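# only geometry, no sequence info:
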């Protein structure tokens, strides 16, 4: 259908009106949008506010260590007196010479520290007596003997209560102290005279010698050395510092069993010693049981300072040299040595066992020591077969002793003596045991005097000038 002209005009007018309306709408909305949003300025930088960083907290610096040096050594000392839990966070080692004033100071502080740190301290004692002419070694032997009976700490209290009279305490005084602590005096005396204990004391002294602390009293806390003076304030300060460091490691997850190892990481090893003093060099001390010397011929007083046991053979030439040296040694120390002689025939000579049987028979006749002296002095005649003639010279009937030797009446006693020697480790003669210290072979008088002086000093007797 064709449109009319009038209608076309109306459509064109309608379309133009519509376009005009749209233009007006956009024209009006434009300024409104500009007014509402504004014109961005490309030259103006965008400002962002920065938040200041949080202030750092200044941690206080830990206090300086009061200790002189950190060492590496085991916390537990075998057979040394100790008290407290094994894995305590504070492992305290007291190296003590009981005659020093520092030892008295530490003894007065010990009970206070146990009360202030209950369950946190393990206290171990190692000994460092003087090498000079005093009785400190003897006192440490007395203390060690009390430890073997379980009365060490109470014995220590009684000993320090004597004050200035400590250095002059005698053997009997030590027995009374042990009795006051609840120990049997006889049992304590046996421990006091037990020779192998000197091995442990010499071990402690060698350790102190390596640290150049022989004869001194020092305190170690977890391997760290605290130098004197040991005032209450100074020791407590050191303990608090060690406790703080130990608890820090525990909070970091270190188990209590490994706590001491962490302390030792920063430590230095105990230096080695090229040479030890003669009195404390490593040596083996042995104990001769009472059953071995019961009924054995003996010379010297019963209360002598040291005892000597010799295993010897009358037909042995080196044994004769040992006899001459021991004879002169007994003359030099007439009241300080008790001498036991035990036959140990080695069978190298035909009369080796027969001479030992002859000595046993002479002992039964109470003529042992005259025969002993004669057999060694006239050893040449003994080796030439004149044994019966020598026995006659000391008053033994030759016919009686000849029959006893033929019947081997005393052979059993000789075999028992030899068995005792084997148990003591005798492999050759002569073997001389000077207060538990083995001396092999024949020594001259000078060597025996030097050894005897060392053992007399360890027994509490001053050295002769």
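Received, thanks. This is a predicted model, so every value here is computed, not measured. Numbers count the residues shown, from 1 in each chain.

# identify the residues contacting residue 358.
Neighbour list for residue 358: 371, 375, 387, 391, 401, 405 [criterion: CB atoms under 8 Å, 6 or more residues apart in numbering]. Where you see a C-beta, it was placed from the backbone N, CA and C, and this is true even at glycine.

# ok, then the element right after the helix or strand containing it?
Assigned by DSSP states H and E, residue 358 falls within helix 352-364. With elements assigned by DSSP H and E, the helix or strand that comes after helix 352-364 is helix 368-377.

# what's that next one in contact with?
Helix 368-377 is contacted from outside by 297, 299, 314, 319-320, 323-324, 341, 355, 358-359, 362, 382, 390-391, 393-396, using CB under 8 Å, 6+ apart.

# give me the mean pLDDT for that helix.
On average, the pLDDT along helix 368-377 is 97.

# any idea which helix or strand comes after that helix?
helix 379-383.

# so how far is that following helix off the chain centroid?
In terms of CA atoms, centre = their mean, to the nearest Å, the centre of helix 379-383 is set 50 Å apart from its chain centre.

# and stretch 302-311, by the same measure?
With CA atoms, centre = their mean, you get 28 Å for stretch 302-311.

# which positions in that stretch come out as buried?
Buried residues in stretch 302-311, counted by 16 or more other CB atoms under 10 Å: 304-311.

# name the nearest of those residues relative to residue 235.
Nearest to residue 235 out of the buried residues of stretch 302-311 is residue 305 (CB to CB; 38.5 Å).

# got the contact list for stretch 92-99?
Defining contact as CB under 8 Å, 6+ apart, one finds that stretch 92-99 is touched by 75, 77, 103, 106, 113, 121-130, 134-136, 139-140, 143, 159, 166-167, 204, 208, 211, 213, 215-221, 223.

# need the pLDDT of the nearest residue to residue 182 once chain neighbours are set aside.
Nearest non-adjacent residue to residue 182, counting by CB to CB, 6 or more residues apart in numbering: residue 151, 6.3 Å away. Per-residue confidence (pLDDT) for residue 151: 96.

# and residue 151, how many neighbours does it have?
Around residue 151 there are 19 other residues, counting by other CB atoms under 10 Å.

# likewise residue 193?
Residue 193 has 17 neighbouring residues, counting by other CB under 10 Å.

# element containing the residue nearest to residue 249 when sequence neighbours are not counted?
Nearest residue to residue 249 in three dimensions, chain neighbours excluded: residue 262, at 5.4 Å (CB to CB, 6+ apart). Element membership for residue 262 (DSSP H and E) is helix 259-264.

# list phi and psi for residue 219.
Main-chain dihedrals, residue 219, degrees, to the nearest 10: phi -120, psi 130.

# was I right to think it contacts residue 234?
No. At 10.1 Å, residue 219 does not count as touching residue 234 under the criterion of CB atoms under 8 Å.

# rewinding a little: ok, and what's touching the helix holding residue 262?
In contact with helix 259-264 (CB under 8 Å, 6+ apart) are residues 70, 72, 75, 87, 89, 91, 222-224, 245-246, 249-250, 254.

# can you list the buried residues in that helix?
Buried-residue list, helix 259-264, by 16+ other CB under 10 Å: 259-260, 262-264.

# and after that helix, which helix or strand comes next?
Counting by DSSP H and E, what follows helix 259-264 is strand 268-269.

# which strands and helices lie in contact with that following strand?
strand 69-72 (3 or more CB pairs under 8 Å, 6 or more residues apart in numbering; DSSP states H and E).

# next SSE downstream of the strand it packs on?
Reading on from strand 69-72 to the C-terminus, the next helix or strand found by DSSP H and E is strand 82-83.

# that next one: partners in the sheet, and parallel or antiparallel?
In the sheet, strand 82-83 lines up against strand 121-127 (antiparallel) (DSSP bridges).

# is it true that residue 125 touches residue 79?
No. The pair residue 125 and residue 79 fails to qualify as a contact (CB under 8 Å) at a distance of 11.3 Å.

# so between the two, which is more surrounded?
Taking other CB under 10 Å, residue 125 and residue 79 do not tie; residue 125 has more neighbours (25 against 12).

# how close does that one sit to residue 193?
According to CB to CB, to the nearest Å, residue 125 and residue 193 sit 21 Å apart.

# quick one on the thing from earlier: which residues do residue 219 and residue 234 both contact?
Common neighbours of residue 219 and residue 234, using CB under 8 Å, 6+ apart, are residue 226.

# neighbour count winner among these two?
Higher neighbour count among residue 219 and residue 234: residue 219, with 23 against 15, using other CB under 10 Å.

# which strand residues bridge that one?
Residue 219 has these beta-bridge partners by DSSP bridges: residue 94, residue 226.

# let me see the ranges of the strands in the stretch 101-250 of the chain.
Using DSSP state E, counting those that start in this stretch, the strands of the stretch 101-250 of the chain run over residues 121-127, 218-221, 224-226.

# to residue 187, which of these lies closest?
strand 121-127 (21.3 Å).

# so residue 226 sits against residue 238, correct?
Yes. Shown here, residue 226 and residue 238 form a contact pair, counting by CB under 8 Å, at 5.1 Å.

# higher neighbour count, the two?
residue 226 (22 against 18).

# what about the closest residue in space to residue 210 that isn't next to it in sequence, distance to residue 401?
Closest residue to residue 210 apart from its sequence neighbours, by CB to CB, 6+ apart: residue 273 at 4.8 Å. From residue 273 across to residue 401, the span is 56 Å (CB to CB).

# quick one, which of those two is more surrounded?
residue 401 (21 against 13).

# that's a helix at that one, yeah?
Yes. According to DSSP: H, G, I helix; E, B strand; the rest coil, residue 401 belongs to a helix.

# gap between it and residue 314?
For residue 401, the distance to residue 314 (CB to CB) stands at 15 Å.

# swap in residue 456?
Going from residue 456 to residue 314 by CB to CB gives 29 Å.

# do residue 301 as well
The gap separating residue 301 from residue 314 is 26 Å, by CB to CB.

# restricted to helices, list the contacts of helix 368-377.
Per DSSP state H, helices hold the following members of the contacts of helix 368-377: 319-320, 323-324, 355, 358-359, 362, 382, 390-391, 393.

# enumerate every residue touching the residue lying closest to residue 90 once chain neighbours are set aside.
Computed as CB to CB, 6+ apart, the closest residue to residue 90 that is not its neighbour in sequence is residue 121, at 4.7 Å. Residue 121 is in contact with 84, 88, 90, 92, 113-114, counting by CB under 8 Å, 6+ apart.

# quick one: which of the residues you listed is most hemmed in?
Counting by other CB under 10 Å, top hit in the contacts of residue 121: residue 92 with 27 neighbours.

# confirm that residue 303 lies within a helix, as I assumed.
No. Using three-state DSSP, the assignment for residue 303 is coil, not a helix.
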